[in-house]
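# predicted model follows, preceded by the sequence.
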Amino acid sequence: MYDIIVIGAGPAGMTAALYAKRAGKDVLLMEKEYPGGQIVNSPLVENYPALPGVSGADFAENLQKQVTELGVPFEYTEACSLEKKDDVFVINGEEKLSAKAIVLATGVFHRGLNLPREEELVGMGISYCAVCDGAFYRGRDAIVIGGGDTALQDAVYLSGLCRTVYLIHRREAFRASAVLVEKARQRENIVFKTPCVPKEYVTNAYGITGIVLENTKDGTQETLEADGIFLAVGLSPQNEFARSLVALTPEGYLEADENGFTSVPGLFAAGDCRAKKVRQLTTAVGDGAAAATAACDYLDQI
């Protein structure tokens with residue numbers, strides 16, 4: 001029986017464990033893959049206050065070391081289901097784990113295109129975050145793939161950095177707001193490529209050099225040359241295992257306030273897995289601190 005189990009060892013989860021342990025609680029960190037989460041794939045983080053130029057992998061490694069040296073154990077296993085019995089939370093997986101409070105920091109995964117070599121090319125020309133990695137392509141050509149608000153926002157943002165931004169969408173109509181679409185159309189260096197679907201990444205020994213597109217109307221193909229490709233085809237939260245216990249949005253995100261409180265007493269949410277507008281490294285660690293503090297306050301009152 002632990003005081004607090006944190007599920008997910010990304011920046012939000014590790015920060016939550018850090019704060020909870022420093023508050024004197026008995027804490028366990030659960031992670032089904034590897035510590036660090038999505039930030040590990042960022043080759044350089046330049047927008048984190050006071051730590052310009054740190055790589056995502058180094059940031060995650062330093063945070064893990066800090067948490068480990070405090071004495072927080074890591075359990076590398078997957079949570080298959082979550083239930084609450086007599087004010088005690090039970091996590092079912094390879095083994096049963098119990099805690100008086102839970103912080104869910106399960107994060108999200110970026111949906112890809114499922115093209116060959118996609119995973120290995122992340123950080124070698126493929127990125128999921130224009131704000132994080134856009135500066136690497138200053139004065140160069142970039143591609144944004146997607147049709148929602150994120151894709152249009154990424155294209156507009158990159159147009160202020162890049163020589164040319166190709167915006168690829170499988171349909172002629174965009175899901176993004178009309179205001180964003182019009183804003184993108186007003187940028188002279190944004191080139192719309194619709195209705196087109198990506199067929200193949202073009203690479204050399206160093207990474208991405210372009211992409212092969214197919215026009216869905218006439219079947220013609222063309223190769224676009226670019227130094228970077230930004231995928232904005234959606235996010236998927238990893239909260240399904242908790243659906244029977246806690247309220248989720250239609251998209252599967254946890255409904256929680258700024259302090260991490262969910263609809264279930266003792267259950268808190270932090271980071272990208274909760275419904276919110278901004279998903280950045282800074283907001284993740286802030287969520288982790290807030291949720292851990294709220295969880296400690298909850299334990300002190302029961």
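Cool, the structure landed.

# what segments of the stretch 101-250 of the chain are helices?
118-121, 130-133, 149-159, 178-185 (DSSP state H, counting those that start in this stretch).

# other residues contacting the second one?
Identification of contacts with helix 130-133 by Cβ atoms under 8 Å, 6 or more residues apart in numbering yields 42-47, 127, 144, 153-154, 157-158, 228, 230, 232, 280. For every residue, glycine as well, the C-beta is placed using N, CA and C.

# from the residues you listed, which ones fall inside strands?
Assigned to strands by DSSP state E, the following of the contacts of helix 130-133 qualify: Ser127, Val144, Gly228, Phe230.

# buried subset of those as a PyMOL selection?
Selection of buried members from the ones in strands among the contacts of helix 130-133 for PyMOL, criterion 16 or more other Cβ atoms under 10 Å:
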select buried, resi 127+144+228+230
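
# just send the ones in strands among the contacts of helix 130-133 back as a markdown table, with distance to Ile5 and pLDDT too.
Output for the ones in strands among the contacts of helix 130-133, formatted as a markdown table (distance: Cβ to Cβ, whole Å; pLDDT from 0 to 100):
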| residue | distance to Ile5 | pLDDT |
| --- | --- | --- |
| Ser127 | 32 | 93 |
| Val144 | 38 | 98 |
| Gly228 | 39 | 96 |
| Phe230 | 35 | 97 |
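
# list just the nearest of the ones in strands among the contacts of helix 130-133 to Ile302.
Ser127 (43.9 Å; Cβ to Cβ).

# any idea how far the closest residue to Val197 other than its chain neighbours is from Leu235?
Leaving aside its sequence neighbours, Val197 sits nearest to Arg170 (Cβ to Cβ, 6 or more residues apart in numbering; 4.9 Å). Distance of Arg170 to Leu235, computed by Cβ to Cβ, to the nearest Å: 18 Å.

# neighbour-wise, which of the two wins?
Using other Cβ atoms under 10 Å, the more surrounded residue of Arg170 and Leu235 is Leu235, with 19 against 15.

# and stretch 108-117, what's buried?
Quick answer for stretch 108-117 (16+ other Cβ under 10 Å): Val108, His110, Gly112, Leu113.

# sorry, that was for stretch 56-63
Buried, per 16+ other Cβ under 10 Å, within stretch 56-63: Gly56, Ala57, Phe59, Ala60, Leu63.

# give me the mean pLDDT for that stretch.
For stretch 56-63, mean pLDDT rounds to 93.

# which one of the buried residues of stretch 108-117 sits closest to Pro250?
Nearest to Pro250 among these, with distances taken as Cβ to Cβ, is Val108, at 15.1 Å.

# ok, that closest one touching Gln38?
Yes. With contacts counted by Cβ atoms under 8 Å, Val108 reaches Gln38, the gap being 7.4 Å.

# follow-up on the earlier one: mind checking which of the helices of the stretch 101-250 of the chain is nearest Arg22?
Of all the helices of the stretch 101-250 of the chain, helix 130-133 comes closest under Cβ to Cβ, at 28.2 Å.

# check the offset of the closest one from the chain's centre.
12 Å (Cα atoms, centre = their mean, to the nearest Å).

# please work out the average pLDDT along the longest helix anywhere in the chain.
What stands out as the longest helix in the chain, according to DSSP state H, is helix 281-301. Summarised as a single mean, pLDDT over helix 281-301 is 97.

# pull out the buried positions in that helix.
281, 283-296, 298-299.

# do stretch 190-207 as well
Under 16+ other Cβ under 10 Å, the buried positions of stretch 190-207 are Ile190, Phe192, Lys193, Thr194, Cys196, Pro198, Glu200, Tyr201, Thr203, Gly207.

# and the protein, what are its domains?
Annotated domains of the chain cover 2-109+235-301, 118-231 [automatic domain parsing].

# what separates stretch 138-148 from the chain centre, distance-wise?
With Cα atoms, centre = their mean, you get 19 Å for stretch 138-148.

# C-alpha coordinates for that stretch, CSV please?
Provided in CSV are the C-alpha atoms of stretch 138-148 (Å, rounded to 0.1, in the frame of the first residue of the first chain):
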residue,chain,number,x,y,z
ARG,A,138,14.9,28.7,-40.1
GLY,A,139,15.5,29.8,-43.6
ARG,A,140,14.8,26.3,-44.9
ASP,A,141,11.8,24.5,-46.4
ALA,A,142,9.4,22.6,-44.2
ILE,A,143,6.2,20.5,-44.6
VAL,A,144,3.2,20.4,-42.3
ILE,A,145,0.8,17.5,-42.6
GLY,A,146,-2.8,17.8,-41.2
GLY,A,147,-6.0,19.7,-41.6
GLY,A,148,-7.0,20.7,-38.1
